[in-house]
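Colleague: give me a model of this one.
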Amino acid sequence: MEFLLPLSKENQSKFTLRKYFSHIVHFIIGILFIQITYAQIRISNDKPEPPTTRILFLLDCSQSMAGYWDSDRKINIARKFLIHTIDSLEKLNHIEMALRVYGHQSVVPPQDCNDTKLEVPFASNNAPRIRQRLRYLTPKGTTPIAYSIEQCANDFPKCDNCRNIIILITDGIERCDGDPCAVSRELQKKGIFLKPFIVCIGLDPEFRKTFDCVGRFYNADEENEFQNILGVVISEALNSTTAQVNLLDKDGYPSETNVNMTFYDIQSGKAKYNYVHTINNRGKPDTITLDPLITYRMVVHTIPSVVVDSIVVLKGKHNIIAADAPQGYLKIQSSGSRYNNLQVIIRKEDNMETLNIHKVNETEKYLTGKYDIEIPVLPRIYVKGVEIKQSSTITISIPTPGIITLLMSNAGYGSIYVERMNHLEWIYNVNPNHKHETIVLQPGVYKIVFRPKYAKSSYYTIEKRVTVRSGSSQSLRL
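Modeller: Residues are numbered from 1 along each chain as shown. Below you'll find the predicted structure:
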């Protein structure tokens, strides 16, 4: 049995205070929960819109498609399974379809090698139109495959976020002396469409090499195989696959991260994906998605960049892509405010090409190796063979400069030189239009050679030696 004792005034006050603070804590937790939830929703909403996959069915309706194959005519079997495929696709988001047919407008003989037509263009909710057109196709003519693929280039309206795919269904090879391989390669190179799928109906195996260079080739020997192959093709056309990129340090461990990676389509040269490399909360490189229909060239935007060519990702498999990217840190620092906006030139060792413009008093990552540094102060400082090591920081310090102010009774012509081994090395020309000029110089001994503008004799040339010390400021009258 429990007894409740009355609270004293002091205890009542403490109880009220505890209750007050409890409300405050709950209020703060509630606000934080709302903010976190809002941030998660915002991040979710910021995810890029998935691309629209546009599938152009290129159907052979030449005379040979009227022939029998297993249970029915080839055109009827192709029509039945194609309609079934379209029924499934119309229920999916981010999918558009179109239908081009060849060999259905002109009979042979004579041979009409321009017999191809976009029967149903790309549009939303156009599946009923495609089904309706398929039902009334009659095989008549020849097989202009190359010309038909070439015309497909005009069937895909301009789109910035689309994957363009052709699925060619045929029972024969090119009959119009065209070159389907050359046409397909050229249009892939232009980025019109990805590597096409070719689904053949009972084609002689000897003709396989005719289509291998056009796209991904599948041959159905039997009617049931045709349905399965069509399903496989649609699955490959729609599904992306997973991959992870291991950016390896000098020990071969995937510890490098936080750098952008661009994946280019090798055929077209176009950038398809940009991912900022991430180590996930399990300490492993994060999973990314890639289109398995593309062969990639990956550029890791380290300084300098790392390139991995001819990357093929396999559907249905988690792909591992490795790149050697060991990095260390370089800091260029200067005390005082004179060089706050100074930008330093970084080059690979013994290479005159500028690799990076490095801002003073900032730290930047570079691939391990040796670099030459040019610091554009007066006089210029060159530091050669600076070695960047794995995960360590090397610091280059720029000496604090001094200041000289030139006071001239008249403007004139002159230069500032630094004395090196009894040799005068030019570093700066005095402004011929100013009587007073302030110049920031590195510590050292300098010689100034000057002649007033209106003195018409070399006899009036003035020479003065000046020593500049770090942080000093001095005036020099000429």
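Colleague: which secondary structure elements does the helix or strand encompassing F211 contact?
Modeller: Counting by DSSP states H and E, the element that carries F211 is helix 208-212. Where contact means 3 or more CB pairs under 8 Å, 6 or more residues apart in numbering; DSSP states H and E, helix 208-212 is packed against strand 216-220. For the C-beta atoms, the positions are set from N, CA and C on the backbone; glycine is no exception.
Colleague: residue boundaries of the strands in the stretch 301-450 of the chain?
Modeller: Here the stretch 301-450 of the chain has its strands, by DSSP state E, counting those that start in this stretch, at 306-312, 319-324, 327-334, 343-348, 354-359, 362-367, 369-375, 381-388, 393-398, 402-407, 412-420, 423-429, 436-441, 444-452.
Colleague: what do you get for the stretch 1-150 of the chain?
Modeller: Under DSSP E, counting those that start in this stretch, the stretch 1-150 of the chain gives strands at 52-60, 68-69, 72-73, 95-102, 116-123.
Colleague: now the helix or strand hosting V183: average pLDDT?
Modeller: Using DSSP H and E, V183 sits in helix 180-189. Average pLDDT, helix 180-189: 95.
Colleague: do the same with stretch 247-264
Modeller: For stretch 247-264, mean pLDDT is 96.
Colleague: wait, which of the strands of the stretch 1-150 of the chain is closest to I321?
Modeller: strand 52-60 (23.4 Å; CB to CB).
Colleague: which other residues reach that closest one?
Modeller: Counting contacts by CB atoms under 8 Å, 6 or more residues apart in numbering, the residues outside strand 52-60 that touch it are 78, 82, 89, 94-103, 122, 130, 134, 137, 143, 148-149, 152, 155-156, 159, 161-172, 193, 237-238.
Colleague: tell me the angle of it relative to strand 95-102?
Modeller: Using axes from the mean of the first three to the mean of the last three CA atoms, to 10 degrees, the direction of strand 52-60 lies 20 degrees away from that of strand 95-102.
Colleague: please pick the buried ones from the contacts of strand 52-60.
Modeller: 78, 82, 89, 95-103, 122, 130, 134, 137, 143, 148-149, 152, 155-156, 162-172, 193, 237 (16 or more other CB atoms under 10 Å).
Colleague: tabulate the strands of the stretch 301-450 of the chain (a markdown table), appending distance to V233.
Modeller: Output for those, formatted as a markdown table (distance: least, CB to CB, whole Å):
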| stretch | distance to V233 |
| --- | --- |
| strand 306-312 | 18 |
| strand 319-324 | 21 |
| strand 327-334 | 42 |
| strand 343-348 | 47 |
| strand 354-359 | 46 |
| strand 362-367 | 42 |
| strand 369-375 | 46 |
| strand 381-388 | 49 |
| strand 393-398 | 53 |
| strand 402-407 | 74 |
| strand 412-420 | 73 |
| strand 423-429 | 69 |
| strand 436-441 | 69 |
| strand 444-452 | 74 |
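Colleague: need the ones you listed in TSV with mean pLDDT and distance to A271, can you?
Modeller: As requested, these are exported to TSV (pLDDT from 0 to 100; distance: least, CB to CB, whole Å):
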stretch	mean pLDDT	distance to A271
strand 306-312	96	14
strand 319-324	97	16
strand 327-334	96	23
strand 343-348	97	25
strand 354-359	96	21
strand 362-367	97	22
strand 369-375	97	27
strand 381-388	96	28
strand 393-398	96	32
strand 402-407	94	48
strand 412-420	92	47
strand 423-429	94	44
strand 436-441	94	43
strand 444-452	94	48
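Colleague: tell me which of those sits nearest to N246.
Modeller: strand 319-324 (4.6 Å).
Colleague: on that earlier part again, do you know which of the strands of the stretch 1-150 of the chain lies nearest D265?
Modeller: Closest of those to D265 is strand 52-60, at 15.4 Å (criterion: CB to CB).
Colleague: so what strands line up beside that closest one?
Modeller: As defined by DSSP bridges, the strand partners of strand 52-60 come to strand 95-102 (parallel), strand 162-170 (parallel).
Colleague: of all these, which lies closest to E225?
Modeller: Among those, strand 162-170 comes nearest to E225, with 13.3 Å by CB to CB.
Colleague: show residues contacting that closest one.
Modeller: Under CB under 8 Å, 6+ apart, the answer for strand 162-170 is 51-60, 78, 82, 143, 145, 149, 152, 156, 192-194, 196-201, 203, 214-215, 233, 237, 291, 293.
Colleague: closest to T302 out of the strands paired with strand 52-60?
Modeller: strand 162-170 (29.0 Å).
Colleague: so for that closest one, mean pLDDT?
Modeller: Mean predicted lDDT for strand 162-170 stands at 95.
Colleague: give me the angle between that strand and strand 216-220.
Modeller: In terms of direction (the same axes, to 10 degrees), strand 162-170 departs from strand 216-220 by 40 degrees.
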